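got a predicted model here, sequence first, then my questions.
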Amino acid sequence: MYDVLITGGTVIDGTGAPPYRADVAVNRDRIAAIGSLDGRTEARRVIDAAGKVVAPGFIDMHTHSDLTLRADARGWSKLRQGVTTDVTGNCGMTPYPVAPDPERARVLKESLFAIADDMAWGWHDVQGYRDVLNAQGIAINVAPLVGHSAIRGAAIGFGEDPASPDGIAAMSRLLSDALDQGAFGLSTGLTLPPSSYGDTEEVVAIARTLAARPGRLYCSHVRGDTVDGPTGMREALEIGRRAGVPVHLAHMAVNDPRRWGTAGEVMAEIDEAARDGVDVTCDVYPYAASSSGFSQCLPGWVQSGGRLETVARLRDPGTRARVRADMEANGLLAGWPWHWDRLMVCRVVTPEWRHAEGMTFAELGDARGVAPVDAALDLMVADEGRVQIIFFYRTEEDMRNFLRHPRSMVGSDGSALTADGPTGGGRPHPRNYGAAARILGRYVRHEPVLSLEDAVHRMSGKVADRLGLRDRGRIRAGLAADLAVIDASTVIDHATFESPHQYATGVPWVIVNGAVAVADGEPTGTHNGRVLTAA
Ligand SMILES: [Zn+2]
């Protein structure tokens, strides 16, 4: 007698191996058996998967669900695509460690404003975070990294000063504690303060702490590439080489319009580093646009001390004039040209400015009769530094070249959101709702960029292997029962930049740790996910 029996489906087992016909049985939270089981056994619940694919639940390699699942445990944007695990803690920023110093704790919370300024945290380290989320209940699993910005902020504060040897030692201790508590690795966000204030030497020194724990990753949102080439990527490879740690490069992209079309050259350099002994992988998401806070587009010195200090600088007319001059002289991030018609406001917290959502800064400037840069700075002040934007700074061709490369896996860079709750505001990037389904619908079915088993592999077994997650990401007896039943002939994303809060379709059944979380396309309300621990 099994708890769940999935009959008549085509198993794509997550290893990249060819599909085969089999029934899959689940007992409690484990896959119990695979084979020809129908009619030879009984089950409390039988799921008819005839004509459908049975795949491992997807593991999203790059997400920002750290607090969204705390704010709304349902996480439907991911669950309804068959995602059963989100890797959190990316791009340097995590809601832990929280410094005992109340001022530093306040700045950390301020920088993670996105969902609820007043959210009660109730933790200060990875284990505390795990305990709180597990006690609350969450719809999907979380595999947490620990972020360099959070560690640096807790150890030496959120200013732009270089770290002293004592500061580096303090950061290394905080990293070591997080790894002891089962964090899967260290993330940096080297365009986002205060991670961006750390130089190569600092990151190498801290990353050496990872080397004592084989398999824990150095995951990097790299420093902005300059017109000279993928300089941020080269720095990440150097850090891996010198610290002796595996490198995972986040959200691969060519963002500088002057370098569009060079994805192949970038991957060739990565392959060369791999031949020289660097253990390196990467992730990519299937859109030609990215998203973040507008604050990272400001010069680094303007962002020192956190969000409210940034806004105070912009309120001072003399300082604002210097900020503006610096922006115009030095370009966007690493000197990319400003294309104000390619920067679109997607989330504003202040109600009086919500009308700006969906407008580019060029349009907002026109509407207000001011230059686009002034429209952007006015909005930053009015919204107290919380403005989120979409950057249309990538090409479809580069994205496909990253996607089809054998070293890449899929990471949405999105969060687990639910449209009708506290995480349903603004016009966030459609990647939150659509990345996995878009891969299967557009880049497997409509255009054969990847085969179905290759795409599933890059969203399950390959990710599990990279994380050292030995009991997930594959369909094999004894492993955790995270499963998705997919209609490969219809699965598709529906979220768009204009209307992003739309769930994907074509994933009728999802099982998380043995519990049916989506039945006949509708979430059941079961919250059987948990915060995982690195082995
Ligand atoms: Zn990032």
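Nice, I can see it. Keep in mind the model is a prediction, meaning the values are calculated, not measured.

quick check: next helix or strand after the strand of greatest length in the chain?
Looking across the chain with DSSP state E, the single longest strand is strand 2-11. Helices and strands here follow DSSP states H and E; after strand 2-11, the next one along the chain is strand 20-27.

just checking, what packs against that next one?
Using 3 or more C-beta pairs under 8 Å, 6 or more residues apart in numbering; DSSP states H and E as the contact test, the elements touching strand 20-27 are strand 2-11, strand 30-35. Yep, even glycine has a C-beta here, placed from its N, CA and C like the rest.

in the longest strand of the chain, what counts as buried?
Buried residues in strand 2-11, counted by 16 or more other C-beta atoms under 10 Å: 2-11.

equivalent analysis for stretch 86-105, please.
Using 16+ other C-beta under 10 Å as the test for burial, stretch 86-105 gives 86-99, 104-105.

can you tell me which of those are in helices?
Of those, the ones assigned to helices by DSSP state H are 104-105.

ok, so of the buried residues of stretch 86-105, who is nearest K52?
Of all those, the one sitting nearest K52 is D86; the distance, using C-beta to C-beta, is 23.8 Å.

re earlier: can you redo the helices and strands packed on strand 20-27 as JSON lines with distance to the ion and mean pLDDT?
Formatted as JSON lines, these follow (distance: least, C-beta to the ion, whole Å; pLDDT from 0 to 100):
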{"stretch": "strand 2-11", "distance to the ion": "34", "mean pLDDT": "97"}
{"stretch": "strand 30-35", "distance to the ion": "33", "mean pLDDT": "97"}
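
now do the same contact list for the residue of the stretch 201-350 of the chain found nearest the ion.
Of all residues in the stretch 201-350 of the chain, H221 sits closest to the ion, at 3.4 Å by C-beta to the ion. Applying C-beta atoms under 8 Å, 6 or more residues apart in numbering, we find H221 in contact with 90-92, 187-192, 250-251.

so what pairs up with it in the strands?
G189 (DSSP bridges).

got it, and the one 5 residues further on?
When assigned by DSSP bridges, T226 has beta-bridge partners G229.

tell me who's in contact with it.
Contacts for T226 (C-beta under 8 Å, 6+ apart) come out as 256, 334-335.

which of those residues has the weakest pLDDT?
The member of those with the lowest pLDDT is A334, at 87.

list of residues touching the helix or strand encompassing M409?
Applying DSSP H and E as the criterion places M409 in strand 408-410. With contact meaning C-beta under 8 Å, 6+ apart, strand 408-410 is reached by 58, 60-61, 252, 281-286, 402-403, 435-436, 439, 455, 458-459, 462-463, 466.

about what we covered before: identify the farthest-apart pair in the buried residues of strand 2-11.
Once C-beta to C-beta is applied, these give D3 and T10 as the farthest pair, at 21.9 Å.

so which of the contacts of strand 408-410 sit within strands?
Members of those lying in strands (criterion: DSSP E): 58, 60, 281-284.

include pLDDT, neighbour count and distance to the ion when you put those residues into JSON lines, please.
Listed next are the ones in strands among the contacts of strand 408-410 as JSON lines, based on pLDDT from 0 to 100; neighbours: other C-beta atoms under 10 Å; distance: C-beta to the ion, whole Å:
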{"residue": "F58", "pLDDT": "99", "neighbour count": "34", "distance to the ion": "19"}
{"residue": "D60", "pLDDT": "98", "neighbour count": "31", "distance to the ion": "14"}
{"residue": "T281", "pLDDT": "98", "neighbour count": "21", "distance to the ion": "16"}
{"residue": "C282", "pLDDT": "98", "neighbour count": "25", "distance to the ion": "12"}
{"residue": "D283", "pLDDT": "98", "neighbour count": "27", "distance to the ion": "10"}
{"residue": "V284", "pLDDT": "98", "neighbour count": "30", "distance to the ion": "12"}
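
and of these, the nearest to T310?
When those are ranked by distance to T310 (C-beta to C-beta), D283 comes first, at 29.1 Å.

can you name the residues that contact the nearest residue to that closest one once chain neighbours are set aside?
Nearest in space to D283, with sequence neighbours left out and distances taken as C-beta to C-beta, 6 or more residues apart in numbering, is G411 at 3.3 Å. The contact partners of G411, taken as C-beta under 8 Å, 6+ apart, are 60-63, 87, 90, 250-251, 283-285.
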